[in-house]
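In: please work out how this folds:
(one chain, ligands or ions: 2)
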Amino acid sequence: MPPRQSSRLKKAIADTAANVSAPTNRTSKAKATKSKAKAPEEDIKDEEPAVVEEPKSSKKRKADKIEDEEEEEEEDQAEDEDEPVAEKPKAGKKRKTAAKAKTEDLMALAKRTIINTLKKSMYIGAHVSSAGGVHNSINNAVHIGANAFALFLKSQRKWANPPIAPEALDAFQSLSKQHNFEVHKHCLPHGSYLVNLAQAEKEKADQAYTSFLDDLKRCESLGIKLYNFHPGNTNGDSRPAAIGRIATQLNKAHKATSTVITVLENMAGQGNVIGSKFEDLRDIIELVEDKSRVGVCIDTCHAFAAGYDLRAPEAFEDTMSKFNSIVGAEYLKAFHINDSKAPFDSHRDLHANIGTGFLGLRAFHNVMNHDAFQGMPMILETPIDRKGPDGKSVEDKQIWADEIKLLESLIDMDPESDEFKALDNRLQAEGAGERSKIQDQVDRKSVKDAKKAAPKKRGRKKAAAEDEDEDSE
Ligand SMILES: [Zn+2]
Ligand SMILES: [Zn+2]
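Out: Ligands and ions are numbered 1, 2, ... in the order given. Below is the predicted model of the structure:
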């Protein structure tokens with residue numbers, strides 16, 4: 001299989017070395033989010049979901065993305081996928097254990113960076129597929145050169161799921177050992193969207209709790225210590241009541257398990273969603289009895305959309321000091337690293353590729369150079385779907401492989417350097433079309449909202465005018 005060549009970031013390569021588990025005969029190099037043509041990768045054809053195939057240019061990718069985007073509110077890209085986790089590795093996939101993993105190494109899209117070659121210990125990865133069994137997430141992480149990863153522990157679309165098969169458990173453990181993943185530190189599963197711990201109705205609340213607890217137990221059986229989930233939705237009830245129910249469920253779940261830390265994700269702030277304000281997170285934690293079992297994951301896109309700026313270094317420091325004083329630095333456990341297609345404080349949850357959105361590269365430079373974040377899992381949930389030649393959507397995992405190297409290259413990079421500015425400009429240009437499209441939507445919506453409010457105002461004005469008239473008579 002011919003090695004895939006892509007152009008590169010000099011800095012990324014300088015700071016990058018082959019991981020022990022990565023092949024030594026490959027020269028996979030990354031260049032920001034831009035990828036060049038690659039050879040077909042026939043060896044991974046049996047991997048689910050269908051993997052990268054076609055050469056592409058970043059221009060093409062951008063065009064595809066624009067076509068793909070509709071006006072509706074979109075879910076987190078990476079989180080949208082359904083990842084049915086089979087009860088055991090399928091017959092055809094049994095091969096994909098140790099021996100098979102070696103083959104996968106050989107076609108890794110990027111080598112994993114050895115952490116101690118970085119100036120700061122940033123563990124960067126992505127939310128990868130666990131289709132076919134949880135153990136596949138490790139191969140998928142290695143494939144993109146990730147030092148951290150997220151996964152779904154079961155299908156996101158249904159309540160009933162078979163338990164993890166012993167074979168998958170064993171494979172997860174042996175592969176994590178083989179690839180030197182400290183899963184208790186750098187693996188951050190994502191909870192199911194079906195689960196709303198703020199649910200008030202008894203039957204639905206019990207169903208949510210059962211599924212939540214099942215996920216926590218899966219974590220413990222896999223040796224995973226951090227579990228990320230969306231706090232919940234008030235469904236129109238009062239916020240304090242909903243927050244109280246979330247905490248009650250967490251307390252119950254903590255007692256039924258022993259080690260896993262339940263990590264609350266901050267949200268973008270749509271509708272009745274809980275967790276877009278740091279105060280929400282604080283109030284939940286306040287009610288949790290065992291504080292050692294609760295933490296927070298900051299999603300950079302969600303924070304920005306919710307009105308927490310991260311762009312200028314001063315704004316970033318301000319946001320982090322707010323977090324530290326409201327929630328507490330000790331609760332910060334992880335990051336979701338996403339740019340935002342939607343503007344600041346727009347309360348829209350639209351993930352963009354790193355550097356192409358309204359956050360921009362400077363925000364990620366701030367994050368990557370913040371000492372206190374070292375050692376935490378940093379998970380990309382950026383879009384990797386693009387249209388294939390047949391018009392069907394396919395995933396291009398090279399995008400994640402390149403974004404990981406891009407983020408690593410920001411460590412210790414001078415943001416005033418020509419190198420940084422060129423990178424920043426190029427990525428901003430790539431995302432310009434998408435940003436203005438979403439900006440238009442946001443603008444149109446505020447005009448609409450203003451119009452909706454207008455008749456009342458006119459009514460009041462008219463009434464006031466009539467009052468005046470009356471007064472004058
Ligand atoms: Zn999420
Ligand atoms: Zn997220």
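
In: residues touching L264, list them.
Out: Contact analysis of L264 by Cβ atoms under 8 Å, 6 or more residues apart in numbering lists F229, P231, G275, L281, I284, I285, V294, G295, V296, C297. No exception for glycine: its C-beta is placed from N, CA and C like everyone else's.

In: kindly report the same for L310.
Out: Shown in contact with L310 (Cβ under 8 Å, 6+ apart): T300, A303, F304, F316, T319, L359, A363, N366, V367.

In: where's the nearest residue to it once chain neighbours are set aside relative to ligand 2, distance?
Out: Once flanking residues are discounted, L310 sits nearest to A363: 4.3 Å by Cβ to Cβ, 6 or more residues apart in numbering. Per Cβ to the ion, to the nearest Å, A363 is found 15 Å from ligand 2.

In: all strands for the chain, in order.
Out: Under the criterion DSSP state E, strands of the chain are mapped to 123-127, 148-150, 226-229, 232-233, 261-265, 273-274, 294-299, 332-337, 339-340, 351-352, 377-380, 385-387, 393-395.

In: where among the ones you listed is average confidence lowest?
Out: Lowest mean pLDDT within the strands of the chain: strand 385-387, at a mean of 88.

In: note down every partner strand of that strand and its orientation.
Out: strand 393-395 (antiparallel) (DSSP bridges).

In: for the stretch 151-300 of the chain, what lies in contact range of ligand 2?
Out: Neighbours of ligand 2 within the stretch 151-300 of the chain, by Cβ under 5 Å from the ion: D299.

In: now the stretch 151-300 of the chain against ligand 2: closest residue?
Out: D299 (3.7 Å; Cβ to the ion).

In: next, count neighbours for that residue.
Out: 27 (other Cβ atoms under 10 Å).

In: give me the nearest residue to it, chain neighbours excluded.
Out: Nearest non-adjacent residue to D299 (Cβ to Cβ, 6+ apart): H336, at 3.8 Å.

In: thought Q439 was touching P343?
Out: Yes: between Q439 and P343 there is a contact at 5.8 Å, judged by Cβ atoms under 8 Å.

In: what is in contact with the two at once?
Out: Shared contacts of Q439 and P343 (Cβ under 8 Å, 6+ apart): none.

In: contacting residues around A372?
Out: Contacts of A372 (Cβ under 8 Å, 6+ apart): A329, L332.

In: roughly how far does it sit from P240?
Out: 31 Å (Cβ to Cβ, to the nearest Å).

In: same check, this time on A363
Out: On the measure of Cβ to Cβ, A363 and P240 end up 32 Å apart.

In: repeat that for A253.
Out: 20 Å.

In: likewise A150?
Out: 30 Å.

In: so between these two, which is more surrounded?
Out: Set side by side, A150 and P240 show more neighbours around A150, with 28 against 11, by other Cβ under 10 Å.

In: verify the stated contact: that one with W400.
Out: No: with contacts counted by Cβ under 8 Å, A150 stays clear of W400, the gap being 11.5 Å.

In: where do the contact lists of those two overlap?
Out: By the contact definition Cβ under 8 Å, 6+ apart, A150 and W400 are jointly contacted by A126.

In: tell me how many other residues surround the residue nearest to L222 when sequence neighbours are not counted.
Out: Spatial nearest neighbour of L222, chain neighbours left out: F172 (5.5 Å); criterion: Cβ to Cβ, 6+ apart. Neighbourhood size, F172 [other Cβ under 10 Å]: 26.

In: got the contact list for F172?
Out: Taking Cβ under 8 Å, 6+ apart as the test, what F172 contacts is V134, H135, S137, I138, V183, L222.

In: one more: E289?
Out: N251, H254.

In: if we go to 10 Å?
Out: Counting by Cβ atoms under 10 Å, 6 or more residues apart in numbering, E289 touches A247, L250, N251, H254, K255.

In: filter these down to just the ones in helices.
Out: Among the contacts of E289, the members falling in helices (DSSP state H) are A247, L250, N251, H254, K255.

In: show the buried residues in the contacts of L310.
Out: When those are checked for burial by 16 or more other Cβ atoms under 10 Å, the buried set is T300, A303, F304, F316, T319, L359, A363, N366, V367.

In: before we move on, back to that, how close does the residue nearest to L222 sit to S130?
Out: With distances taken as Cβ to Cβ, F172 is found 9 Å from S130.

In: drop anything exposed from the ones in helices among the contacts of E289.
Out: For those, buried by 16+ other Cβ under 10 Å: A247, L250, N251, H254.

In: of those residues, which is the nearest to L197?
Out: L250 (7.1 Å; Cβ to Cβ).

In: can you pull the pLDDT of that closest one?
Out: 98.

In: re the thing from before, can I get the contacts of L264 in CSV with neighbour count?
Out: Listed next are the contacts of L264 as CSV, based on neighbours: other Cβ atoms under 10 Å:
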residue, neighbour count
F229, 24
P231, 26
G275, 26
L281, 27
I284, 26
I285, 18
V294, 22
G295, 24
V296, 24
C297, 26
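
In: just give me the closest of those to M376.
Out: Once Cβ to Cβ is applied, the member of these that ends up nearest M376 is C297, at 8.8 Å.

In: what number of residues lie near A198?
Out: 26.

In: is it correct that it is in contact with L250?
Out: No: counting by Cβ atoms under 10 Å, A198 sits too far from L250 to count as a contact (11.0 Å).

In: joint contacts of the two?
Out: P231, I284.

In: before we move on, the earlier item: between the buried ones among the contacts of L310, which is closest to ligand 2?
Out: Out of these, the member with the shortest distance to ligand 2 (by Cβ to the ion) is T300, at 8.7 Å.

In: phi and psi next, for the closest residue to ligand 2 within the stretch 351-473 of the chain.
Out: Nearest residue of the stretch 351-473 of the chain to ligand 2: E381, at 5.0 Å (Cβ to the ion). Reported as degrees, to the nearest 10, the phi and psi values for E381 are phi -130, psi 40.

In: residues near it, how many?
Out: 23.
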